[in-house]
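Enquirer: Sequence first, predicted model second:
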Protein chains: 2
Amino acid sequence: MKARVEIMLKTGVLDPQGEAVRHALGALGFDGVGGVRQGKVIELELPDGTTEATVADMCEKLLANTVIESYRIEMA
Amino acid sequence: MKARVEIMLKTGVLDPQGEAVRHALGALGFDGVGGVRQGKVIELELPDGTTEATVADMCEKLLANTVIESYRIEMA
């Protein structure tokens, strides 16, 4: 089975990478681009029967820095 | 309006970051984790009326390295 984890910086946390993208888009002529936020997506191939709780455990322990990042899990 | 772009390495392109995550998960006791692929997600705040074609143009010119990465756009 597969799981998909999306990790984004929490609202209010400065996102310099997103800000750099926003600036570069402006320089390329894409006007009016407002906020840009950049995050990570991780696709995991897991043993059948793995629960969402296990994936949440992976996020808490390794995948996300929960001080500044939030995560969202999709099981498929 | 908002757009969401998901950028993943193409199939067959080595993903050392994903491999490192897979290895680390094993070391933390999460057994049986198969492939792990890591990608990027970019959320853009765009002027109303921006078309998906414009966002695709942003991907081709800046956001994705189309030699090794594929991208998927969601307009919202």
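Expert: That came through fine.
Enquirer: Quick check: pLDDT value at the residue of chain A most remote from its centre.
Expert: Largest separation from the mean C-alpha position in chain A: A:Gly29, at 26.7 Å (CA atoms, centre = their mean). pLDDT for A:Gly29: 96.
Enquirer: counting contacts, what elements does the top helix by length along chain A pack onto?
Expert: Determined from DSSP state H, the single longest helix within chain A is helix A:16-27. Helix A:16-27 sits against strand A:36-45, with contacts defined as 3 or more CB pairs under 8 Å, 6 or more residues apart in numbering or on different chains; DSSP states H and E. To be clear about C-beta, it is placed using only N, CA and C from the backbone, and glycine gets the same treatment.
Enquirer: tilt between the strand it packs on and helix B:16-27?
Expert: Put simply, strand A:36-45 runs at 50 degrees to helix B:16-27, going by axes from the mean of the first three to the mean of the last three CA atoms, to 10 degrees.
Enquirer: Buried residues, the next helix or strand after strand A:36-45. List them.
Expert: Going down the chain from strand A:36-45, the next helix or strand is helix A:52-58, by DSSP states H and E. The neighbour-count check on helix A:52-58 (16 or more other CB atoms under 10 Å in any protein chain shown) flags A:55, A:58 as buried.
Enquirer: Mind giving me the packing neighbours of the helix or strand just after helix A:52-58?
Expert: Downstream of helix A:52-58, the first helix or strand assigned by DSSP H and E is strand A:69-75. Counting contacts by 3+ CB pairs under 8 Å, 6+ apart, strand A:69-75 is packed against strand A:2-9, helix A:52-58.
Enquirer: Mind listing residues that contact strand A:69-75?
Expert: A:1-10, A:13, A:39, A:52, A:55-56, A:59, A:63-64 (CB atoms under 8 Å, 6 or more residues apart in numbering or on different chains).
Enquirer: Is the residue farthest from the centre of chain A in a helix, a strand, or coil?
Expert: When classified by DSSP: H, G, I helix; E, B strand; the rest coil, A:Gly29 comes out as coil.
Enquirer: All good on my end, thank you.
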